[in-house]
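J.: Sharing a model that was predicted from the sequence below.
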Amino acid sequence: MAYIERAVTPILKKRISTSKCALITGARQVGKSTLVKHEFPEYNRANFDDKLTRLQAKDEPKLFFLNNPCPLFIDEVQKENSILEDIKLKVDESEERGRFILSGSQKLELMKGMSESLAGRVSITELSGLSLREIHGVKFNQHFVPTESYISEREKELKSYQNIWEIIHKGSYPELYDIDRDWQEYYSSYVSTYLERDINELISTDSITFTRFLVAVAARTGEMLSYSKIAGEIGVSEPTIKTWISILERTGIVYLLQPYSASALNRAIKTPKIYFRDTGLACYLTRWLTPDALKCSAVAGNMFETFMVSEILKSYTNEGKDYKFNIFYYRGKDKNASGENEIDLIIEEDGYLYPIEIKMSGNPKASMGATNPVLDKIKEKSRGMGVILCLIDKKTYLRENLVALPIEYV
C-alpha cells in the first residue's frame, strides 16, 4: 500500500516555513520519520537511535554538524539532549527558517529540553497513529466538537466505515497498513524492540515484570485508574506503579483523561481514567487475537470507548491543536439519583460544555444522556449539544439538545 498522507502535513509545513526549528512528538512507530522522509526529502537525516551518531553529537558537535549539514532532521533527539544547546547556537546565527526538524518519543523530556534551550525558537506538533479519516482518505480536518457548524461541514465528507472492528483490532500504526505484516509478529516486536528498550532507559526492572505491568494496564483501558489494584496484581509498590504509568504517558502509550473540575460539582470523583492510545496494542497485550473475538468479548465496550477517545484526540492533534485543556470526563453523585453517574467525555470550547456518551449500541436511547443536566450547575458555562456516539446508521435527534451520531462524524 502506498504512503498514507498525514492530515497534519499542511500545518507542519506552515510551521516549518515560519519557525527556525520544528519538533514532532509522538509514540514510537506512529510515522514521524516516514512523514519527514516523504514530505521533506531535501533534509539531511541523523538518527540518535544509532549510538555512534549520538556519541559524535555529544563529544564533537562541530564535527557532527559538518557531517550532517542543515537543513537537518534529527530523529529521537531526546536521546542526546545536549545537542539542543548547539542547535540553539546554530539557529541564532541565522534568520533562515526551517533549519532543523527534530522528533522524539519521550514528550516530557523533550519539553524540558526545549524550554531550557530552544524557548521561543521551536514550534511543536504532535503526531498520532493513523486516524479513521486518514485510513479512509477523508480530507476533512477539523477537531471534533458537536456544534451545528461542525456537524454540517462534516456531513459534506462522510464515508461509511464498514470494517470498524477490524480497524479497532488492527490498531493505528502505519506499518500495519503499509505492508501485509503479521499482526501478532508486529506487536510482539513492538513490545520487545521498542517498549522494553525505551522504557528500560527510564526505569530499572526485568522484562517479565514490565510485560505483566503492561498487560495489567491494558486490561484496564477505559476504566478509572487505580494504582493500588495494579500494584497488588504486579507485586510492586504503589509509588512504583505511579512512576511507571507516568512513563507510559510520557512515551505516548497511554492517555490519562482528567475529571472535570468545577466548584459546583462538589461530589465529583477526582480520579483520572486511563486509555491506551492504540487499541491494537491493547488487544495484543490482553490476547484478543481476532476482531470477531474482540467484538463479542466482555471488554468490547471499553475497547470501543478507548478507540473513540483516541480518534477524538487525533482530530485535535491532526489540526495542530492541544487537547489537554479541552477534554474531560465526569463521574459523581451530584445528580439526584442513587449511585454514581457518568459522562464519558466533556468537551469544553468557547464557554460551552458538550457532553458526549460513547456507546457500542446501534439502538441509542435518550436515557443515555440522563446525566447531562448536571452540567447546568456550572453557572459560568453553558451546556451545549449532547451527543451519543454510537453504531447507528444515520444522525438521529433523541431530544432537542441530544443527538445520536454515527462514528463517521468524528
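T.: It's in.
J.: which helix of the chain spans the most residues?
T.: helix 300-317 (DSSP state H).
J.: That one packs against which elements?
T.: helix 164-170, strand 254-257, strand 273-276, helix 279-285, strand 327-332, strand 341-349, strand 352-358 (3 or more Cβ pairs under 8 Å, 6 or more residues apart in numbering; DSSP states H and E). The C-beta positions use only the backbone N, C-alpha and C, and glycine is treated the same way.
J.: give me the element the closest residue to R6 other than its chain neighbours is part of.
T.: The spatially closest residue to R6, leaving aside those adjacent along the chain, is L35, at 5.3 Å (Cβ to Cβ, 6 or more residues apart in numbering). When elements are defined using DSSP states H and E, L35 is found to belong to helix 32-39.
J.: on contacts alone, who are the packing partners of that helix?
T.: helix 9-18, strand 21-25, strand 44-47, strand 72-75, strand 100-104.
J.: List the buried residues of the longest one.
T.: Within helix 9-18, the residues that qualify as buried by neighbour count (16 or more other Cβ atoms under 10 Å) are 9, 11-12, 15-16.
J.: tell me which strands and helices that helix is in contact with?
T.: Other helices and strands packing on helix 9-18, by 3+ Cβ pairs under 8 Å, 6+ apart, are strand 21-25, helix 32-39, strand 122-126.
J.: doesn't I11 make contact with E319?
T.: Yes. With contact defined as Cβ atoms under 8 Å, E319 reaches I11; the gap is 7.0 Å.
J.: Tell me, how many residues neighbour the residue nearest to R6?
T.: For L35, the count of nearby residues is 24 (other Cβ atoms under 10 Å).
J.: again, but for G332
T.: By the other Cβ under 10 Å criterion, the neighbourhood of G332 contains 19 residues.
J.: quick one: it from S17, how far?
T.: Distance, G332 to S17, by Cβ to Cβ, to the nearest Å: 47 Å.
J.: Is it correct that R154 is in contact with F140?
T.: Yes. Under the criterion of Cβ under 8 Å, R154 is in contact with F140, at a separation of 6.1 Å.
J.: Have a look at those two and say which one is more surrounded.
T.: In this view R154 and F140 are compared by other Cβ under 10 Å, and R154 has more residues nearby, 19 against 15.
J.: For A46, name its beta-bridge partners.
T.: The residues paired with A46 through beta bridges, assigned by DSSP bridges, are I74.
J.: Thought F73 was touching it, still the case?
T.: Yes. Contact between A46 and F73 holds when scored by Cβ under 8 Å: they sit 7.3 Å apart.
J.: ok, how many other residues are close to Y397?
T.: Neighbour count for Y397, taken as other Cβ under 10 Å: 11.
J.: Where does pLDDT dip in the chain?
T.: Residue ranges of the chain with pLDDT under 70: 1, 107-117, 119, 196, 200-201, 263-264, 266-268, 334-339.
J.: ok, K394 to D198 distance?
T.: Relative to D198, K394 is positioned 44 Å away (criterion: Cβ to Cβ).
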